[in-house]
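**Q** Here is my input; please provide its structure:
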Amino acid sequence: MARQLKITVLGGGMWGCVLAQHLSNKKAKVTIWEFIPEIALSLSKTRRHAQIPGFRLDGAIKVTNDVAVAVKDADVLLFVLPSRALAATAKNIRRIGLKKAAVAVNASKGVEPNTLATMGDIVSRELPSLKGRVWTLTGPSFAREVARGVPTKLLLGGPTKPITKTLVALFHGGALNVSHWPDRLGVELGGSLKNAIAIGAGILDGLGTGANTKAALLVQGLSEMSSLIRARGGRADTIYGLAGLGDLIATGTSTESRNRGFGERLGRGLSPKAALAQIHTVVEGIEAAASARELCARLKVKAPLLDAIWRATRGAPAKRVLTALGF
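**A** Modelled structure (predicted):
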């Protein structure tokens, strides 16, 4: 690249730290903003993340709890926040202001309750100066695997512009193989909805049904995801790529998946509260299931599997997932 880009990573969780280190390896100037002061201080001092064994942040990466300091003169804002924190953070940044040529890349997954806006939609809404310059980085990507150097393919979903190639080149390299896909809405919905289906896959693991039944669930889940994405205005073929099928396979089958692990506990008979207490971190599939149910209602899409998974996250018998599959 012609010059060293200044990247602000918003969120010091596992994925935020791993992406920050990846970008630092590629000689970008990286700052991590973490909204919890204690975590920001720990990252700054120890350079380690408690949930990633053997991981260490380069000394060149700055860590701060001051968002104004973090975003000053940033070329790229990389949002890697819990979905519920993204809107408030973006509003705060709008009050601070950004450099004229700044762009945003969203790596958060979820759909906003009530408005049903995707994470990229929220960034565009709350930071109108970035309208038309928002992309989403997504795909099957467990942070601990990427931290270990496991080869991983991702999509950068968003508009096709001259800067798109620069952004792809920014993330591509090392463990990451990144390509562009023009359907930001589709990849964002795929990245959110698959978390709900992964809970259903975990429920089957907890029930002990085996690979045959899980294959049926993944196929039906993909079909229901596709119907919602098309009804919402996304591309039909997006669902068959990394942000749909690829992400669903990884999240629905891996022991790394928090959503699958939560579902497995439901399948074993734990209440949602007890199951969540054993995960110790955010299970975004719970909110994704609620958003999927509301999307289905508004768009008049029938999705019995997603509905059964939503009910299970609210305490209904987990075996209803089997009923939704026709058993």
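**Q** which SS class is the residue nearest in space to the middle of the chain?
**A** The centre of the chain sits closest to Lys109, judged by CA atoms, centre = their mean, with a distance of 3.1 Å. Under DSSP: H, G, I helix; E, B strand; the rest coil, Lys109 falls in the coil class.
**Q** so what's it scoring on pLDDT?
**A** Looking at Lys109, its pLDDT is 92.
**Q** what's the closest non-adjacent residue to it?
**A** Excluding its sequence neighbours, the residue lying closest to Lys109 (CB to CB, 6 or more residues apart in numbering) is Gly191, at 4.4 Å. (C-beta placed from N, C-alpha, C; glycine too.)
**Q** can you pull the buried residues of the strand or helix carrying that neighbour?
**A** Element membership for Gly191 (DSSP states H and E) is helix 184-207. The neighbour-count check on helix 184-207 (16 or more other CB atoms under 10 Å) flags 184-207 as buried.
**Q** Buried residues, the following helix or strand past that helix. List them.
**A** Using DSSP H and E, the helix or strand that directly follows helix 184-207 along the chain is helix 211-232. Going by neighbour count (16+ other CB under 10 Å), the buried part of helix 211-232 is 213-214, 216-218, 220-222, 224-230, 232.
**Q** Repeat that for stretch 270-286.
**A** Residues Leu270, Pro272, Ala275, Leu276, Val282, Val283, Glu284, Gly285, Ile286 are the ones in stretch 270-286 that count as buried (16+ other CB under 10 Å).
**Q** do the same with stretch 297-317
**A** Here stretch 297-317 shows 301, 303-313, 316 as buried, counting by 16+ other CB under 10 Å.
**Q** between the residues you listed, which is closest to Phe171?
**A** For the buried residues of stretch 297-317, the residue nearest Phe171 by CB to CB is Leu306; the value is 30.6 Å.
**Q** what about that closest one, helix or strand, and which?
**A** Per DSSP H and E: helix 304-313 holds Leu306.
**Q** Arg265 too?
**A** Here Arg265 is assigned to helix 258-267, by DSSP H and E.
**Q** Compute the inter-axis angle for that helix and helix 184-207.
**A** Relative orientation of helix 258-267 and helix 184-207, computed by axes from the mean of the first three to the mean of the last three CA atoms, to 10 degrees: 30 degrees.
**Q** can I get the CA coordinates of the helix holding Leu306 in CSV?
**A** Extracted as CSV, the C-alpha positions of helix 304-313 are listed here (Å, rounded to 0.1, in the frame of the first residue of the first chain):
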residue,chain,number,x,y,z
PRO,A,304,-40.6,-23.8,11.7
LEU,A,305,-37.1,-24.8,12.6
LEU,A,306,-36.1,-21.2,13.6
ASP,A,307,-39.3,-20.9,15.5
ALA,A,308,-38.7,-24.1,17.5
ILE,A,309,-35.1,-23.0,18.3
TRP,A,310,-36.4,-19.6,19.5
ARG,A,311,-38.9,-21.4,21.8
ALA,A,312,-36.2,-23.6,23.1
THR,A,313,-34.1,-20.6,24.1
